[in-house]
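Participant: The following comprises the amino acid sequence and a computationally predicted model.
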Amino acid sequence: MIAGFPDSALAMNAFVIDAFEFCRLKQQAQGEIPVAELGRLAQETVDRSGTIHWALSGDIDKLGHAQLSLAVSGAVNLICQRCLTALNFEIDSKSLLVLAKDEAQADTIEELLDDDEIDVIVGSAAFDVNYLIEDEALLALPVAPKHDVCPDGGVAAEAKGAERASPFEVLKKLKQ
């Protein structure tokens, strides 16, 4: 359910807006999406559980460019790279996105702004907000998620792996 938009604005898990009009009218929308409905994000999780909460607002920057502010939050279960058990990870991400009409304009705007905190993306009249929300959630995930202290007493999978014989040692024994 998306606050401020009728259910007819949603079509088969898509929330499509005219991004430039959304910004020009300074519209706002918010809602939540189950992780299970976000295929790429769901693949990164242990159990596809959780919900992503989001808020989107449109505006025009001081140079006259359309811009979207997006906030994404929620909890997902990832795999700890040390102990290989579930790790509850809190997503909390905010981004400011300036819209361009095409790639060439995006490059020009990016050079003009020269600000690493602001991303420039290509907007459209049929802009899929769910895709943007999923991208933001994916970018918020750690590359190698790890517990601060693993639940198995801190014994890491890396340490367990060190107890195994070296593959070269195994080959040496086979050769004999």
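Facilitator: Alright, I've got the coordinates. Here the structure is a predicted model, which is why all the values come from computation and not from measurement. Numbering: from 1, shown residues only.

Participant: Can you identify each of the strands in the chain by residue range?
Facilitator: 2-3, 10-11, 14-17, 28-34, 51-60, 66-79, 86-100, 118-122, 127-128 (DSSP state E).

Participant: now the last one, how far from the chain's geometric center?
Facilitator: Same thing as strand 127-128. 15 Å (C-alpha atoms, centre = their mean, to the nearest Å).

Participant: Output the contacting helices and strands for it.
Facilitator: Strand 127-128 is packed against strand 14-17, with contacts defined by 3 or more C-beta pairs under 8 Å, 6 or more residues apart in numbering; DSSP states H and E. (Glycine included, C-beta is placed from N, CA and C.)

Participant: any idea how far residue 62 is from residue 52?
Facilitator: 30 Å (C-beta to C-beta, to the nearest Å).

Participant: which stretches of the chain aren't confidently modelled?
Facilitator: 1-14, 153-176 (pLDDT under 70).

Participant: Neighbour count: residue 62 and residue 52, which is higher?
Facilitator: Shown here are residue 62 and residue 52; by other C-beta atoms under 10 Å, residue 52 has more neighbours (24 against 6).

Participant: Run through the bridge partners of that one.
Facilitator: Beta bridges link residue 52 to residue 33, residue 74, judged by DSSP bridges.

Participant: That one: what's it in contact with?
Facilitator: Neighbour list for residue 52: 32-35, 38, 41, 72-74, 91, 133-134, 137 [criterion: C-beta atoms under 8 Å, 6 or more residues apart in numbering].

Participant: and these, which are buried?
Facilitator: Among the contacts of residue 52, the ones that count as buried by 16 or more other C-beta atoms under 10 Å are 33, 35, 38, 41, 72-74, 91, 133-134, 137.

Participant: and of these, the nearest to residue 18?
Facilitator: Nearest to residue 18 out of those is residue 133 (C-beta to C-beta; 17.2 Å).

Participant: Tell me how far the nearest residue to the closest one once chain neighbours are set aside lies from residue 136.
Facilitator: Closest residue to residue 133 apart from its sequence neighbours, by C-beta to C-beta, 6 or more residues apart in numbering: residue 54 at 4.9 Å. Residue 54 sits 8 Å away from residue 136, going by C-beta to C-beta.

Participant: Which residue of these two possesses the greater neighbour count?
Facilitator: Between residue 54 and residue 136, residue 54 has the larger neighbour count (other C-beta under 10 Å), namely 24 against 21.

Participant: so the more buried one touches residue 38, yeah?
Facilitator: No: between residue 54 and residue 38 there is no contact under C-beta atoms under 8 Å: 10.8 Å.

Participant: between the two, what contacts are shared?
Facilitator: Common neighbours of residue 54 and residue 38 (C-beta under 8 Å, 6+ apart) are residue 133.
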